[in-house]
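>>> I'll drop the sequence and a predicted model, then ask my questions.
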Amino acid sequence: MFSLERMRALHAVATHGTVAAAATALHVTPSGVSQQLAKLEREAGQRLLEPHGRTVRLTTAGHVLAGHAAAILAQVEKARTDLELLRDDITGPLRIGAIPTTVHALLPPVLATLRAQHPGLEVTLHEGEAEETMPLVVDGRLDVAILESWEHRPTTVPPSTSRTTLLSDVADVAVPASHRLAHRKVVDLTEVDDIPWIAWSAGSSCHAWLTHVLRQQGMAGRISCTVGSYPTQLALVAGNVGAAAVPRLGRDAVPEGVRFLTTRPALNRTIYAINRAEDDDRGAIRACVDALTAEAARFHHLAW
């Protein structure tokens with residue numbers, strides 16, 4: 001009786017609140033959503049939407065049918081998942097978002113593994129911080145996001161997602177080799193008080209984390225450079241420009257003239273993979289998370 005696409009349009013409006021937001025989530029035009037809803041109303045024989053200020057809201061009948069739409073769409077997705085699990089191979093799109101350090105350290109071998117094991121997968125990779133990629137997972141524009149959560153400023157993971165812990169990491173403070181503390185192995189963070197800081201790009205969660213930690217320690221923490229690249233930060237440290245907090249996962253070639261100091265308190269972070277909880281059984285999601293977990297096991301020494 002009811003078209004699946006029209007039920008999907010009603011469910012999107014009920015979930016996102018407006019026709020415009022529903023259209024964005026469904027990657028169609030608002031007029032397309034409105035047309036689907038008008039046809040659904042004719043099929044239902046009842047008003048499903050009513051004017052509400054400058055937008056619309058669901059009627060009682062609309063809420064009832066939206067509840068059924070959610071159940072129907074969930075059942076259709078389960079059917080698709082069950083059929084996918086019967087396949088010998090996993091195919092289709094897999095959209096991954098990841099923070100820069102994992103793009104560099106984890107993703108190359110993970111993508112190679114996925115390509116070798118599941119050549120039918122169409123993998124795309126988007127580099128971005130958690131504040132950018134988490135909403136994309138929630139609304140279905142990304143399938144998996146790899147993100148970080150700092151001990152002193154945890155990342156809140158949406159309740160609609162599943163979280164898989166990949167590894168623990170530590171940031172050490174990088175100082176110029178000529179700095180008065182360069183001969184030390186361990187320092188109190190407050191001792192690094194006579195040199196500017198090199199932070200991640202302004203507006204990012206990493207920038208907010210560093211300023212939060214320095215403030216917690218009662219430090220002024222003057223930031224002289226904001227750079228969205230740990231290798232570039234280390235090059236600036238080597239040039240005696242300032243100090244930087246660099247995760248161990250983010251190190252590759254360390255330039256001459258840089259010394260790393262372990263800090264008190266320790267600057268710990270956890271790397272997670274998240275996906276929508278309703279997608280837990282999707283073959284592509286499981287293959288991706290399994291490959292990430294296996295590769296992350298190689299880095300278990302980082303937090304030692």
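Looks like it came in fine.

>>> Residue 177 - nearest residue in space that isn't next to it in sequence?
Using CB to CB, 6 or more residues apart in numbering and skipping residues adjacent in sequence, the residue nearest residue 177 is residue 257, 4.7 Å away. C-beta here means a position set from N, CA and C on the backbone, and glycine is covered the same way.

>>> Now for the one you found: which residues touch it?
Residues near residue 257 by CB atoms under 8 Å, 6 or more residues apart in numbering: 176, 177, 178, 237, 238, 239, 240.

>>> swap the cut-off to 10 Å and go again
In this structure, residue 257 makes contact with 175, 176, 177, 178, 182, 234, 235, 237, 238, 239, 240, judged by CB atoms under 10 Å, 6 or more residues apart in numbering.

>>> hang on, residue 167 is in a strand, isn't it?
Yes - assigned with DSSP: H, G, I helix; E, B strand; the rest coil, residue 167 falls within a strand.

>>> Residue 302 versus that one, what's the distance?
Going from residue 167 to residue 302 by CB to CB, to the nearest Å gives 7 Å.

>>> of these two, who's got more company?
Between residue 167 and residue 302, counting by other CB atoms under 10 Å, residue 167 is the more crowded of the two (23 against 18).

>>> looking at it, that one is touching residue 293, isn't it?
Yes - look at residue 167 against residue 293 with CB atoms under 10 Å: they come within range, at 9.2 Å.

>>> Could you list the low-pLDDT ranges of the chain?
1, 81-88, 303-304 (pLDDT under 70).

>>> if you set the cut-off to 80 instead, what comes out?
1-2, 37, 52-56, 77-89, 300-304 (pLDDT under 80).

>>> Helices of that one, start to end?
Shown for the chain, the helices assigned by DSSP state H span residues 4-16, 19-26, 30-44, 60-85, 100-105, 107-117, 130-138, 205-216, 230-238, 283-296.

>>> Mind giving me the packing neighbours of the longest one?
It stands for helix 60-85. Packing contacts for helix 60-85, counted by 3 or more CB pairs under 10 Å, 6 or more residues apart in numbering; DSSP states H and E, involve helix 4-16, helix 30-44, strand 49-52, strand 55-58, helix 283-296.

>>> out of the ones you listed, nearest to residue 196?
With CB to CB as the measure, helix 283-296 is the member of these nearest residue 196 (33.5 Å).

>>> how about the CA coordinates for the closest one, as CSV?
C-alpha atoms of helix 283-296 as CSV (Å, rounded to 0.1, in the frame of the first residue of the first chain):
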residue,chain,number,x,y,z
GLY,A,283,29.6,-6.8,6.4
ALA,A,284,31.6,-3.8,5.2
ILE,A,285,31.6,-2.2,8.7
ARG,A,286,32.7,-5.4,10.3
ALA,A,287,35.5,-5.9,7.8
CYS,A,288,36.7,-2.4,8.3
VAL,A,289,36.6,-2.5,12.1
ASP,A,290,38.3,-5.9,12.1
ALA,A,291,41.1,-4.6,9.9
LEU,A,292,41.6,-1.5,12.0
THR,A,293,41.7,-3.6,15.2
ALA,A,294,44.3,-5.9,13.8
GLU,A,295,46.5,-3.1,12.6
ALA,A,296,46.1,-1.1,15.8
